[in-house]
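# I'd like to go over a predicted model; first the sequence, then the structure.
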Amino acid sequence: MKAVKKDERKKQLVKESVRKNIYIKNFHPSLKESDIESLLEENKFVGSKVTISRDDKGNSKGFGFVYFFSQDTAMSFVKAC
């Protein structure tokens, strides 16, 4: 196995995560992570993790990210939208 420099590995990790992280916005503040995850599962987009941005009081800011564990699933999600 070939050793990889730290900078090169870091670039690769960033590149991989960009392809799997999808920014979502303009949803109702009362929407929870579990609501979005259920919607994704209903539409066969399993293997994802939802993170909603929240303010200091814990209220949703109306945007967040969906992290897909596979690049293929992320691309299918984008095409379906």
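Right, received. Where do you want to start?

# Please tell me how far residue 25 sits from residue 48.
Applying Cβ to Cβ, to the nearest Å, the value for residue 25 to residue 48 is 17 Å. Every residue, glycine included, has its C-beta placed from N, CA and C.

# which of the two has more neighbours?
More crowded of residue 25 and residue 48, by other Cβ atoms under 10 Å: residue 48, with 19 against 10.

# Across the sheet, point out what pairs with the more buried one.
residue 68 (DSSP bridges).

# Model confidence score at it, please.
What the model reports as pLDDT for residue 48 is 76.

# Ok, residue 51 next?
Reported pLDDT for residue 51: 87.

# Can you show me the CA trace of the helix or strand harbouring it as PDB?
Element membership for residue 51 (DSSP states H and E) is strand 48-54. Taking Å, rounded to 0.1, in the frame of the first residue of the first chain, the C-alpha atoms of strand 48-54 are listed here in PDB:
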ATOM      1  CA  SER A  48     -28.500   9.300   4.200                       C
ATOM      2  CA  LYS A  49     -28.000  11.600   7.200                       C
ATOM      3  CA  VAL A  50     -29.800  14.900   7.600                       C
ATOM      4  CA  THR A  51     -28.500  17.900   9.500                       C
ATOM      5  CA  ILE A  52     -30.600  21.000  10.000                       C
ATOM      6  CA  SER A  53     -28.900  24.300  10.900                       C
ATOM      7  CA  ARG A  54     -30.300  25.700  14.100                       C
END
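
# Please renumber the chain so that the first residue is 716 from this point on.
Understood, numbering begins at 716; the last thing we discussed is strand 763-769.

# What helices and strands are in contact with it?
Contacts defined by 3 or more Cβ pairs under 8 Å, 6 or more residues apart in numbering; DSSP states H and E place strand 763-769 against helix 748-757, strand 775-783.

# In the longest one, which residues are buried?
Going by neighbour count (16 or more other Cβ atoms under 10 Å), the buried part of helix 748-757 is 751-752, 755.

# Let's test this: mean pLDDT of it, rounded?
Here the average pLDDT along helix 748-757 is 86.
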